[in-house]
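Novice: pasted the sequence and its predicted model underneath.
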Amino acid sequence: MKIATFNINNVNKRLANLLAWLSSEHPDVVCLQELKAETRSFPLAAIEDAGYHAVWQGQRTWNGVAILSRKPPVLTRRALPGAKNDEQARYIEAAVSGIIIGCIYLPNGNPQPGPKFDYKLSWFDRLIKHARGMDKEGLPVVLAGDFNVVPDLSIDIYPTRSWDKDALTQPQPRARFALLQQEGWLDSLRAKHPGERLYTYWDYKRQRWERNGGLRLDHLLLNGPLHKRLKAAGVDRWVRGEEGASDHAPAWVELRGKWKS
DNA sequence: ATGTCCTGGATACCAGGA
């Protein structure tokens, strides 16, 4: 069972890229971020034609998240709990094949310091709290998405000082990511590729893709009940090199065990 | 500081977000 996360950076603008990747890699479940489409503008017909069911939460202009699945996902949430007036479409959750899939688009947080960075940190705190609650219930959970965090500055970003003041590299969000790991959420790409430079995002600016100036921002975290099932993990880098590509590439995990309905 | 890509609102570019 292959579960992937892909910041598509406008699902309608890059629909051809998405469909090409789906037909080539055949993920069973896909978490999408940055749909940049209103709920009614989600390209459901094309996604169904490609063999997927979907649940999604759209928003005009910004954000937007979706979960695609070869078997019908059972929607469990369309927002992250813990805030009364958070209108931003950054979280959707569904059960697929006995696994809870949390699809995450964590706030970018720039510029920092400032209110956007504060929002990033409070959103992250809400995520940690919700993750604890789900873990306590003993269900297998995958938290997959664009966390907008570079976990380890020595290996998850190309050698540079350019991002030193950026919200993606600050100690506060990195400490929160580390806390999730301490609480049993396995960083599956890192677990399968210790010591290896892995990137999932390359800025459009300054030929970052051509120079492999990447950052690892997209993560798939597994709670305890899934650790033993982790078979493989990787990044579909080729997607970033296609015409009209998103600035992110898909990241994925392969889990052992039957794909059950 | 720069660079890219895209949207939206006010135009016939520019601000803003990522």
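Specialist: Received, thanks.

Novice: when you work out contacts or count neighbours from here on, use the C-alpha atoms and nothing else.
Specialist: Fine.

Novice: what's around the closest residue to DNA strand B within the stretch 51-200 of chain A, how many residues?
Specialist: Proximity to DNA strand B, evaluated over the stretch 51-200 of chain A using Cα to the nearest atom of the strand, is greatest for A:T61 at 4.3 Å. By other Cα atoms under 10 Å, 12 other residues sit near A:T61.

Novice: what does A:I157 give?
Specialist: A:I157: 24 neighbours (other Cα under 10 Å).

Novice: what is the burial count for A:L22?
Specialist: 17.

Novice: please apply the same query to the one 4 residues further on.
Specialist: Residues contacting A:H26 under the criterion other Cα under 10 Å number 17.

Novice: quick check: it vs A:A4, distance?
Specialist: 10 Å (Cα to Cα, to the nearest Å).

Novice: phi, psi of A:K36?
Specialist: Torsion angles at A:K36 (phi, psi; degrees, to the nearest 10) stand at phi 50, psi 50.

Novice: ugh, typo on my part, it should be A:G241
Specialist: phi -90, psi 0.

Novice: can you pull the contacts of the spatially closest residue to it that is not a sequence neighbour?
Specialist: In space, and not counting its chain neighbours, A:G241 is closest to A:W209: 7.6 Å by Cα to Cα, 6 or more residues apart in numbering. Neighbouring residues of A:W209 by Cα atoms under 8 Å, 6 or more residues apart in numbering: A:202-203, A:240-241.

Novice: measure A:W209 to A:L35 for me?
Specialist: Counting by Cα to Cα - A:W209 and A:L35 are separated by 22 Å.

Novice: quick revisit: so which of the contacts of A:W209 is the most crowded?
Specialist: A:W202 (25 neighbours).

Novice: for that one, name its beta-bridge partners.
Specialist: A:G214 (DSSP bridges).

Novice: verify the stated contact: it with A:R216.
Specialist: No: the pair A:W202 / A:R216 is not scored as a contact, 9.0 Å apart, by Cα atoms under 8 Å.
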